[in-house]
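K.L.:
Everything below, folded, please.
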Amino acid sequence: MSNISVTMSKRAKIFLSISIVLIALLAGLLGYNYLLLTQKEAEIKEIEQEMEFEKQASIEEFEQLSQQYEEFYIETNNDSLLKLIDEEKQKVKDLLQELKTVKATNARRIRELQKELGTVRGVLKQYVAQVDSLNTLNKQLTQENVKVRKQYESATQTVKEMEEKNAELGKLIDMAAILEAHNIQLKTLNNKGKETSRLKRITKLEICFTVLRNITAERGEKTIYIRINQPNGEVMSLSPENVFTFEENEIAYSAKKNIAYTGENTDVCIYYNIDTTLEKGTYHIGIFGDGNLIGTTAFSLN
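P.N.:
So this is what the prediction gives:
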């Protein structure tokens, strides 16, 4: 009995020792596992923080990219580029919205979004190059247009000045081309063609003059008109149909004659037949050619 008790006591001690060892091992294992778990949680937290940081950095990049697109929208008026920029801008908004909602632990999707960000940034660089190229071209065209417009305005002004000078020159030429009647002489003749000063015997007026040399005037046949105004102002005329155009008006003439003008001095005599007795007083004579008044004189009868 005594031996059995001793044996039981030994077994209990062994079991207790083993239990203590097992408990110690279990405690150590649990402690080790807790330590591993704590380290793992710390690593996961650190990774999550890094991913959150990368996520926020990506969000900032997307927002900056979106702002750049907004700025480029107003830097060009090219419709095709505006449409492409609008499409990329909407893509940036969609990616930005997804990036804001994706969990920081979803590293794979964050990497995918970052990759898409790089793609969009590359597209933006292409658009920037196109916009810069178009803006440079537009500036060059604008400068060329300004230069061409100035040249056109200068040419227009030159043409205007030339037209004005030509108009003035034309006026001078027209004035230079006007004929001139010089050395106007009047004779009062009787029915026998002899000079007389007696009013009752005057039956014809002889007006002689010289159309001076003029190299500018047109050569050829010309009609010379004579207007004789009586002392009372009335024009002496043998018919109411005897009219010609002067300064856009039809006026009466006393007599006319066609001459062959060669540009050299041309002597002309025109006669007017008197059908009534002349009155005393001063008579005024106007000589017309090519629609211009080319000479005047006056004479008195007593």
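
K.L.:
element containing L141, please.
P.N.:
Under the criterion of DSSP states H and E, L141 resides in helix 107-176.

K.L.:
I'd like to know which elements that helix is packed against.
P.N.:
The contact analysis (3 or more C-beta pairs under 8 Å, 6 or more residues apart in numbering; DSSP states H and E) places helix 107-176 against helix 2-73, helix 79-101. Every C-beta, even on glycine, is put in place using the N, C-alpha and C of the backbone.

K.L.:
comparing those helices, which gets the lowest mean pLDDT score?
P.N.:
If you rank the helices and strands packed on helix 107-176 by mean pLDDT, helix 2-73 sits at the bottom with a mean of 69.

K.L.:
for the record, mean pLDDT for the helix or strand just after the helix holding L141?
P.N.:
On the C-terminal side of helix 107-176, the closest following helix or strand by DSSP H and E is strand 181-189. Regarding strand 181-189, the rounded mean pLDDT is 92.

K.L.:
how far out from the middle of the chain is strand 181-189?
P.N.:
Put simply, strand 181-189 sits 64 Å off its chain's centre (C-alpha atoms, centre = their mean, to the nearest Å).

K.L.:
Distance from stretch 21-32 to the middle of the chain?
P.N.:
Remark: stretch 21-32 is offset 93 Å from the chain centroid, using C-alpha atoms, centre = their mean.

K.L.:
So E88 versus L117, what's the distance?
P.N.:
Distance of E88 to L117, computed by C-beta to C-beta, to the nearest Å: 12 Å.

K.L.:
so who does S17 touch?
P.N.:
By C-beta atoms under 8 Å, 6 or more residues apart in numbering, the contact set of S17 is empty.

K.L.:
Use 862 as the first number for this chain going forward.
P.N.:
New numbering, starting at 862: the last item is S878.

K.L.:
re earlier: quick one: mean pLDDT over the helix holding L1002.
P.N.:
Helix 968-1037 comes out at a mean pLDDT of 73.

K.L.:
by how many degrees do that helix and helix 940-962 diverge?
P.N.:
Going by axes from the mean of the first three to the mean of the last three C-alpha atoms, to 10 degrees, helix 968-1037 is angled at 160 degrees with respect to helix 940-962.
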